[in-house]
Each structure stands twice: as structure tokens, then as C-alpha cells.
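Student: Here's my sequence, what's the structure:
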Amino acid sequence: MRSIGIIGVGEIGRAITEGLCDGAERPPEVLLSPRGARTAAELAERYETVRVCTGNQAVVDRSDIVIIAVRGQDRHDALAGLTVDGGKIVINVMAGVGNDDLRRTLGTGAALVRAIPLPAVRERRSVTVTCPSHPVVDALFERLGGALPVEDEASFNVFSALTGTLTTHYSYLAALTSWAAGHGIAPGAADAYVRSLFQGVGRSLGDETRTLHRLAADHETPKGNNERIRTTWFTPANSEALGRALDDLLTVLDGQ
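Tutor: Modelled structure (predicted):
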């Protein structure tokens with residue numbers, strides 16, 4: 001595999017590095033920027049093929065594929081003055097930053113591909129949306145759990161909006177735990193049970209022979225507990241509110 005550089009070694013940069021290197025028979029050379037110095041140093045100590053470069057330009061110069069994983073609001077400071085040769089492949093994982101925006105910032109003719117890697121790429125079991133499709137980039141993410149190329153950035157932004165629901169899901173689980181604790185259940189026991197309950201749900205999602213609607217129906221007994229909560233809490237009004245929130249986010253993403 002080609003050498004891979006990562007500028008911005010936060011949670012996603014770490015996850016990509018771990019997914020590429022942990023237990024791999026032939027891990028690639030991974031060049032990390034000094035941004036996120038503590039994490040970069042720890043990864044370089046763990047993996048023989050991982051190196052920390054002196055600066056972002058060194059990452060670009062020594063890499064065939066450059067992954068830009070800084071926060072969108074930090075991109076101008078982090079990428080200022082970089083020279084990116086037109087023969088490089090640049091993967092843009094910055095949320096809300098389009099490829100035209102990044103091309104203006106870098107002033108390069110290099111191939112640019114947007115991607116939405118999630119932390120589960122460290123376990124090589126997360127599908128990554130890419131745009132546009134690129135054989136080298138798609139092959140990279142196939143190694144990390146799968147690639148889902150989309151035709152245009154409008155479609156890409158829809159998937160990006162869906163990704164914005166992740167912490168809402170965690171907060172929902174935390175609210176269930178708090179409710180149980182409020183009824184006298186030890187917080188640790190409530191936390192353990194809620195985790196176990198929804199880990200089981202997560203495993204059932206691996207059954208792609210059933211649609212999500214079918215999975216919901218198969219877990220629900222007519223007039224049973226699940227139906228009661230679904231129909232009294234997740235009402236059409238709540239469903240419409242969720243749709244509006246996603247529409248509002250999509251409007252923001254499309255405008256960037």
C-alpha cells in the first residue's frame with residue numbers, strides 16, 4: 001500500500017491509524033503531523049511503520065495519500081502555506097468543508113476526495129462514505145470496513161447529516177440510564193443493562209436480509225411494551241421534528 005500521511009491526529013486520525021496498523025500483516029507507512037503531539041507520539045511508539053513528521057509540509061512531501069483531519073474551523077491556520085503536488089491524492093475528512101473550498105485553500109490540482117470515516121474504522125467494521133469515487137481511496141476504506149461512494153456532494157451531505165445524529169443516540173441511552181437511576185436502580189447497574197440491551201440491537205443490524213422497519217416489527221408485540229413506548233413517545237410529531245432538524249442541518253451543509 002502507498003504511504004499515508006495524516007494532518008490532524010485527533011480521534012479520527014487515531015482511529016484510521018489503528019485500523020490500518022493494528023494486527024495488520026503488512027501495515028502501510030503512516031506519517032503523522034505533530035498536531036496532536038501526544039497522540040501522534042503514542043501511535044509511533046505502538047506501531048513500527050508509523051512516524052511523526054516535523055511539520056505538515058513534511059507529511060505531504062513524504063506521503064502518496066494525504067488525509068486532512070483537522071477541524072474545519074482550524075483549516076486555514078493548519079494548512080496555510082502548504083504545497084501539495086498535483087500527483088498526490090488528498091482525502092478531506094473535515095465536516096462541512098467542500099472540495100472546492102479545500103482546493104482554494106491548498107491551491108492544488110491534486111485529486112480531492114471527501115470521506116466520512118467514523119471511529120469504528122479502528123476495528124475495521126465501519127462503512128465510509130466517499131465522494132467522488134476514487135479507486136485508491138475506496139480501496140483504502142475497504143480495508144477499514146467498506147467504502148460507499150456517492151456521485152455528488154449533495155448526496156454526500158445527506159449522509160453527513162445522518163452522521164450528525166450519533167451523539168443524540170448516546171444521549172438517548174444516557175437518558176434511559178438516568179430514568180432508571182431515578183427509580184432506585186444503582187447507576188452502574190442501569191448503565192450496564194442499557195449498554196447490553198442496545199449492543200444486542202446493534203448485532204441485529206448485521207442481518208441485512210431484514211429492513212429496518214422489519215426489524216422493528218419483529219421486536220414488537222401488538223399492544224406490548226415496545227409498541228406502547230413507540231406510539232406514545234416517538235409520535236408523528238416527534239418524527240417530523242427530527243426530519244426538520246435534519247433538514248436544517250442539511251441546509252447548513254449544502255451552503256458550505
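Student: The lengthiest strand in the chain packs against which elements?
Tutor: Ranked by residue count and defined by DSSP state E, the top strand of the chain is strand 111-116. When contacts are defined as 3 or more C-beta pairs under 8 Å, 6 or more residues apart in numbering; DSSP states H and E, strand 111-116 packs onto strand 89-92, helix 99-106, strand 128-131, helix 135-142, helix 153-163. From N, CA and C alone the C-beta is placed, and that goes for glycine too.
Student: Would you mind pulling up the elements that the helix or strand containing Gly200 packs against?
Tutor: Under the criterion DSSP states H and E, the helix or strand holding Gly200 is helix 187-204. With contacts taken as 3+ C-beta pairs under 8 Å, 6+ apart, helix 187-204 sits against helix 166-182.
Student: Run the chain-centre distance for the longest strand of the chain.
Tutor: Centroid displacement of strand 111-116 relative to its chain, using C-alpha atoms, centre = their mean, to the nearest Å, is 13 Å.
Student: Now tell me what touches it from outside.
Tutor: 88-93, 95, 98-99, 102-103, 128-132, 134, 137, 141, 153, 156, 159-160, 163 (C-beta atoms under 8 Å, 6 or more residues apart in numbering).
Student: For the chain, name the helix or strand with the lowest mean pLDDT.
Tutor: Between all helices and strands in the chain, the lowest mean by mean pLDDT, DSSP states H and E belongs to helix 75-79, at a mean of 89.
Student: how close does Ser196 sit to Gly109?
Tutor: Distance, Ser196 to Gly109, by C-beta to C-beta, to the nearest Å: 52 Å.
Student: Fine, thanks again, bye for now.
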